[in-house]
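K.L.:
Everything below, folded, please.
(chains A and B)
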Amino acid sequence: MISLTPSAQSTPILVIGWGSELRGDDAAGLVFARRLEAEAIPGVEVAVVPQLTPELAWDVAGAEQVVFADAVVPGSVDGVGDSPVIRPLDPGENVPARFIPTCVHSLGPERVLELAATLYGKRPQAWVLYLPVFDFDLGLEISPRAEAVVDQGLHILHAHLFSLHPDARPVEPPIPIVT
Amino acid sequence: MSETITIDPVTRIEGHAKITIQLDDQGAVEDAQFHVTQFRGFEKFTEGRRFEEMPSITARICGICPVSHLMASSLAGDDLLAVEVPPTGMKLRRIFNLGQYVQSHALSFFHLTSPDLLLGMDAEVAERNILGVAAKFPEQAREGIWLRKFGQQIIERLSGKRIHPMWTVPGGVSSPLLAKDREEILADIPRALDITRKTVDLLKSLVDRFGAEIESFGNFPSYFMALVTPEGEIEHSRGKLRIVDENRKIVADQIPPQAYTEFIGEAVAPFSYLKMPYFKPVGYPEGFYRVGPLARLNVCDRCGTPLADAELEHFRDLGREHNGAVWESFHFHYARLIEILYALEMIERLLQDPDILSPHIRAVAAPNRREGVGISEAPRGTLIHHYRIDDDGLMTWANLIVATGHNNMAMNRGVLDVARRFVKGHDISEGALNRVEALIRCYDPCLSCSTHALGQMPMLFEFHNPRGEVIARRKRF
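P.N.:
Predicted structure coming up:
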C-alpha cells in the first residue's frame, strides 16, 4: 500500500533526471538518469521524469539526499559553461531564474523541496547537476556532444557519491569534452 | 480609441498559449481569441517510421498523459492488423487507461484547480498555486498527491514504468498482470475512493462561492461528443462515437472510428496552429462541440458503476433546464471528480474479473490494412489517431486530433464570454486575468499535445486597439 506520508529516509540517495525526449539534447537529464539507473548502485534510487511535478515531493521527502539532473543552455546559469557542474541547493538560496516555476505542472527543484518541507516536514540535502547541451531541435536522440556531457556528468556524480559515502565505488576522473 | 489585450501565456496548463483581448473605444471587450502559437508538426515527423513504433513515439508527446496516446495509437494499430484484441488484453488496457484518468484528473483538480477553489480567484497570484494550497490546506494537498501517485502506480505496476510506458501495443498488451500487483492495487482502492468522495463533498461545499464564474465560464449551448458502449454507457478505452445536441438529444450515434471523417471536419483559423474541428452535418463554425469530462457525462446514458451513477444524478440536476445537458464549463471540475469515482470502481471490478491474470493478452499478425483509425477517450477528451502505411508497414501519413483541438472553438467562445464579464479596459486586475485563465483551465488543455508544441506554459495577455495595435501586455509566469 502507498502510505499517505513517505517513510523517513527510506531512500539514501534519490537522483531525478528530467527533460523532453522529443527535443534532442533536452533529454540529456533523462539519458543521464537511465544510465545511472542501469548501474544499479546500492542505496541510489533514480527517477526518470519528463518534468518535475508536485508528487515528487513525496519521493524527495523520503530521501536523505537528492540530486536533480537537467539539461541547461550553456551560459544561462551563472558559472555554468560547456562542462557539467554540480552545485548544492541550499535552503533560502537565491535560485537561478530558470528554476522559478512558470506553472505548477512543472516545478523547479527548489519548489519540490519546499513542497516536501511544507507537506511532510522533511527537506533533504540537495544538489543540482547542470548538463550543458546545445541542440534542442526535434529529434529522438541526443547529439554526440551531449552524449559526452552525459558521460562526464556520470563521472561527476560518481565522485559526488564517493565524497558523501566513501564506501561507494571508486571513481575515475572526469573525461574532458572533445569539441 | 478601442484597444486589444493579450494574455500570453496561460499558466497551469501545458504547452504555450496567448490570449488577445480587443477593446473598443470605450474600453469594453469587443472580441477575444485564444491563440496557440507553437507548432510541433508531429504528423510529418513520424512519416517513414514503422507503425509499430507509433505508440512509443506518440506517447512522448506529453509527459502527463502518455497513456492516452498509447491507447489511441494501439487501437489504430489493431485496425491496421485487422485483429481482435483478446478479452484479457482489452481489460488490462482499460485498467491502464483508467489509472491514467485517476492520475491526470487528480493533477488537474488538486494541483491546478484547487488553488482557485480553495484560495479564491482574487487571491494573491504568488500564493494561488499548489504551494499556496500546501501551506493553507496541507491535508487536501497531501491527498491530491497521494491520489495522483496511486494512479501512476497502477500504470507502473502494469507496465513497469510510470512515464512513457510502452506496454500497450498493436494487438493487445505486452505482458500479463501479476497476482501480487493486482492485490496491491486492490488494497489501495478504499483509500482512493474515500479521498475522492471527500473531494466531491468539498467541491459541492464550495460551488456557491462561484456563482458568477459558473454563470459566465463557457455557459453556452453546443454539441457534445464522446465514446459510448453499445448500451450507451460511458467508455474511455474503445467504443463508438456519439454526438448529442445542447439538449442531450442524440444527433449521431454508434459512429465507428473509421467513419469519423463523415462527421468531423477540421477548419483552420489564421490566429492559431490548432485546428478547429466541427460537426460536419451542421458545418463550420455552427457545428462546434465540446469533448472531455463534461461532454462524456452529457453524452452517456449512465456510467455503469454505483457511486459514479449516484453522482451523475446530481450532475443531471445541474442541466435540468436543458433536459439534463450541463452547459457551464465550470462543471468540468465536478465531472472530472465523478470520472475518478467511475475509474476507481471500474478498476476494482476489472481486477476482480476471473480472467484478469490470463496470459492470453495479445493477438499477433502482420498488417492486413493500409489505413487504420484508433479512437480513445483521453482524460481531456476524445483522441483520434488515423494512420496510413505502405506495403512495408512504414507510415506514409498521419492525422492526430486531440482533445484540446476538439475544444478549441469552445475555449475561444468561453474566453470571449469571460473577458466580457470580468475585463474592463486594459488596466486589468489579477483576479480578472485569472478568471480568463481559469476558463481555459476548466478544459485542462494540453497544448503541448494539441499543437505538438514544446515548452512550459507561460501566458501572455495582449490588449489591442481597433487598428490592431498592441497597447498593453501582461505576462504571467
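K.L.:
hey, let's count contacts and neighbours off CA atoms from now on
P.N.:
Noted.
K.L.:
Listing partners with orientation, what would you give for whichever strand in chain A runs longest?
P.N.:
The strand that spans the most residues within chain A, counting by DSSP state E, is strand A:63-72. Sheet pairing here is set by DSSP bridges, and for strand A:63-72 it gives strand A:11-18 (parallel), strand A:125-132 (parallel).
K.L.:
Confirm residue B:132 sits in a helix?
P.N.:
Yes. Under DSSP: H, G, I helix; E, B strand; the rest coil, residue B:132 sits within a helix.
K.L.:
mind checking how far it is from chain A?
P.N.:
In this view, residue B:132 and chain A are 10 Å apart by C-alpha to the nearest C-alpha, to the nearest Å.
K.L.:
Pass me the low-pLDDT residue ranges in the stretch 151-300 of chain B, would you?
P.N.:
By pLDDT under 70, the low-scoring segments of the stretch 151-300 of chain B are B:161-165.
K.L.:
quick revisit: dump the C-alpha coordinates for the longest strand of chain A into PDB.
P.N.:
The C-alpha coordinates for strand A:63-72 follow below in PDB (Å, rounded to 0.1, in the frame of the first residue of the first chain):
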ATOM      1  CA  ALA A  63      15.300  10.600   0.700                       C
ATOM      2  CA  GLU A  64      18.300  11.600   2.700                       C
ATOM      3  CA  GLN A  65      20.000  13.300  -0.200                       C
ATOM      4  CA  VAL A  66      18.700  14.400  -3.600                       C
ATOM      5  CA  VAL A  67      20.400  15.200  -6.900                       C
ATOM      6  CA  PHE A  68      18.400  16.900  -9.700                       C
ATOM      7  CA  ALA A  69      19.900  16.500 -13.200                       C
ATOM      8  CA  ASP A  70      18.800  18.600 -16.100                       C
ATOM      9  CA  ALA A  71      20.000  19.900 -19.400                       C
ATOM     10  CA  VAL A  72      20.900  23.500 -19.500                       C
END
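K.L.:
Beyond that strand, next helix or strand please.
P.N.:
strand A:85-88 (DSSP states H and E).
K.L.:
Can you pull up the residues of the stretch 151-300 of chain B that come close to chain A?
P.N.:
B:163, B:184, B:185, B:187, B:188 (C-alpha under 8 Å from any C-alpha of the partner chain).
K.L.:
and the second one, helix, strand or coil?
P.N.:
Classification of residue B:184 using three-state DSSP returns helix.
K.L.:
Touching, it and residue A:1? I think so.
P.N.:
Yes. Counting by C-alpha atoms under 8 Å, residue A:1 is a contact partner of residue B:184 at 6.2 Å.
K.L.:
More neighbours: those two, which one.
P.N.:
Set residue B:184 next to residue A:1 and count neighbours by other C-alpha atoms under 10 Å in any protein chain shown: residue B:184 wins out with 15 against 12.
K.L.:
picking up where we left off before, can I get the strands paired with strand A:63-72 in TSV including distance to residue B:350 and mean pLDDT?
P.N.:
TSV is the format used below for the strands paired with strand A:63-72 (distance: least, C-alpha to C-alpha, whole Å; pLDDT from 0 to 100):
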stretch	distance to residue B:350	mean pLDDT
strand A:11-18	33	91
strand A:125-132	42	95
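K.L.:
With mean neighbour count as new columns, can these be given to me in TSV?
P.N.:
Shown next, in TSV, are those (neighbours: other C-alpha atoms under 10 Å in any protein chain shown):
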stretch	mean neighbour count
strand A:11-18	23
strand A:125-132	23
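K.L.:
Export those as JSON lines, with columns for distance to residue B:385.
P.N.:
Output for the strands paired with strand A:63-72, formatted as JSON lines (distance: least, C-alpha to C-alpha, whole Å):
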{"stretch": "strand A:11-18", "distance to residue B:385": "27"}
{"stretch": "strand A:125-132", "distance to residue B:385": "35"}
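K.L.:
tell me the contacts of residue B:171?
P.N.:
When contacts are counted by C-alpha atoms under 8 Å, 6 or more residues apart in numbering or on different chains, residue B:171 touches B:74, B:77, B:78, B:81, B:83, B:84, B:85, B:362, B:363, B:364, B:365.
K.L.:
again, 10 Å this time
P.N.:
B:74-86, B:89-90, B:361-365 (C-alpha atoms under 10 Å, 6 or more residues apart in numbering or on different chains).
K.L.:
Also residue B:113?
P.N.:
Residues near residue B:113 by C-alpha under 10 Å, 6+ apart: B:12, B:106, B:107, B:128, B:129, B:130, B:333, B:438, B:441, B:442, B:444.
K.L.:
Just send the residues you listed back as a markdown table, with distance to residue A:20 and secondary structure too.
P.N.:
Below are the contacts of residue B:113 laid out as a markdown table (distance: C-alpha to C-alpha, whole Å; DSSP: H, G, I helix; E, B strand; the rest coil):
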| residue | distance to residue A:20 | secondary structure |
| --- | --- | --- |
| B:12 | 18 | coil |
| B:106 | 22 | helix |
| B:107 | 19 | helix |
| B:128 | 27 | coil |
| B:129 | 24 | coil |
| B:130 | 23 | helix |
| B:333 | 29 | helix |
| B:438 | 26 | helix |
| B:441 | 23 | helix |
| B:442 | 26 | helix |
| B:444 | 20 | coil |
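K.L.:
Of the residues you listed, which is the nearest to residue B:344?
P.N.:
residue B:106 (12.2 Å; C-alpha to C-alpha).
K.L.:
which one is the closest one nearest to, not counting chain neighbours?
P.N.:
Computed as C-alpha to C-alpha, 6 or more residues apart in numbering or on different chains, the closest residue to residue B:106 that is not its neighbour in sequence is residue B:148, at 5.4 Å.
K.L.:
I'd like the distance between that neighbour and residue A:58.
P.N.:
Residue B:148 sits 11 Å away from residue A:58, going by C-alpha to C-alpha, to the nearest Å.
K.L.:
Check the spacing between residue B:412 and residue B:272 real quick.
P.N.:
Residue B:412 is 11 Å from residue B:272, by C-alpha to C-alpha.
K.L.:
same deal with residue B:202?
P.N.:
Here the criterion is C-alpha to C-alpha. By it, residue B:202 lies 37 Å from residue B:272.
K.L.:
okay, the two: which has more neighbours?
P.N.:
Counting neighbours by other C-alpha under 10 Å for residue B:202 and for residue B:272 shows that residue B:272 has the greater number, 19 against 14.
K.L.:
name the element that one belongs to?
P.N.:
Assigned by DSSP H and E, residue B:272 falls outside every helix and strand.
K.L.:
So it is in contact with residue B:35, correct?
P.N.:
Yes. Residue B:272 is within contact range of residue B:35, at 4.9 Å (criterion: C-alpha atoms under 10 Å).
K.L.:
what about residue 152, which helix or strand?
P.N.:
Defaulting to chain A. Assigning secondary structure by DSSP H and E places residue A:152 in helix A:144-164.
K.L.:
Let me rephrase: I mean chain B.
P.N.:
Going by DSSP H and E, residue B:152 is in helix B:138-159.
K.L.:
Which elements pack onto that helix?
P.N.:
Here helix B:138-159 touches helix A:56-61, helix A:109-120, helix B:87-106, helix B:114, helix B:130-136, helix B:179-206, helix B:332-351, going by 3 or more C-alpha pairs under 10 Å, 6 or more residues apart in numbering or on different chains; DSSP states H and E.
K.L.:
From the contact counts, what lies against the third one?
P.N.:
Using 3+ C-alpha pairs under 10 Å, 6+ apart as the contact definition, the elements that helix B:87-106 packs against are helix B:66-81, helix B:138-159, strand B:168-169, strand B:172-173, helix B:179-206, helix B:332-351, strand B:371-378.
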